[in-house]
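**Student:** pasting the sequence and the predicted model now:
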Amino acid sequence: QVQLVESGGGLVQAGGSLRLSCAASAGTFSSYTVGWFRQAPGRERTLVAAINWSGSRIYHADSVEGRFTISRDNARNTVYLQMNALRPEDTAVYYCAAQTRDYYYSLFESDFDSWGQGTQVTVSS
């Protein structure tokens, strides 16, 4: 099964930018939908963005629309989340996850069955 590793998190001031990366350290996910989720302390995990295998279907949550952009480079086996205009309320652990069914696309969390360990993003005011 594909193994996912996130990187790029850190501490940034409000208004700043970060780019998260999700790489497949074992296996390949070029045919999988990949999503970014986040979970803040005491809150439920929510879907932030998702991209299908070809990049032809993309979703961004309303809360990040216009500020965050998901993209992928299948040649590098990597999915990115570019985060601009960050706000303190974006502070959370960010997880990438994949749907390990070839060419399948869904926005339901239960359909994401391979998860990374998460990376912390902290936005100071």
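**Tutor:** Arrived safely.

**Student:** who's in contact with the residue nearest in space to the middle of the chain?
**Tutor:** For the chain, the residue nearest the mean C-alpha position is W36 (2.2 Å; CA atoms, centre = their mean). Contact analysis of W36 by CB atoms under 8 Å, 6 or more residues apart in numbering lists 20, 22, 47-50, 70, 79, 81, 94-97. Yep, even glycine has a C-beta here, placed from its N, CA and C like the rest.

**Student:** with Y103 instead?
**Tutor:** Contact partners of Y103, counting by CB under 8 Å, 6+ apart, are 31, 52-53.

**Student:** and it, how far from T28?
**Tutor:** Applying CB to CB, to the nearest Å, the value for Y103 to T28 is 14 Å.

**Student:** list the buried residues of stretch 91-104.
**Tutor:** Within stretch 91-104, the residues scored as buried using 16 or more other CB atoms under 10 Å are 91-100.

**Student:** mean confidence for it?
**Tutor:** Taken as a whole, stretch 91-104 has a mean pLDDT of 97.

**Student:** check stretch 17-24 too.
**Tutor:** The average pLDDT within stretch 17-24 is 97.

**Student:** name the residues that touch that stretch?
**Tutor:** For stretch 17-24, contacts defined as CB under 8 Å, 6+ apart pick out 2-10, 12, 34, 36, 76-86, 94, 96, 116, 119, 121.

**Student:** and if we set it to 6 Å?
**Tutor:** In this structure, residues lying in contact with stretch 17-24 by CB atoms under 6 Å, 6 or more residues apart in numbering are 2, 4-8, 12, 77-84, 94, 96.

**Student:** the lowest-mean-pLDDT helix or strand in the chain: which residues count as buried?
**Tutor:** When the helices and strands of the chain are scored by mean pLDDT, DSSP states H and E, strand 18-26 comes last with a mean of 93. For strand 18-26, burial by neighbour count (16+ other CB under 10 Å) applies to 18, 20-24.
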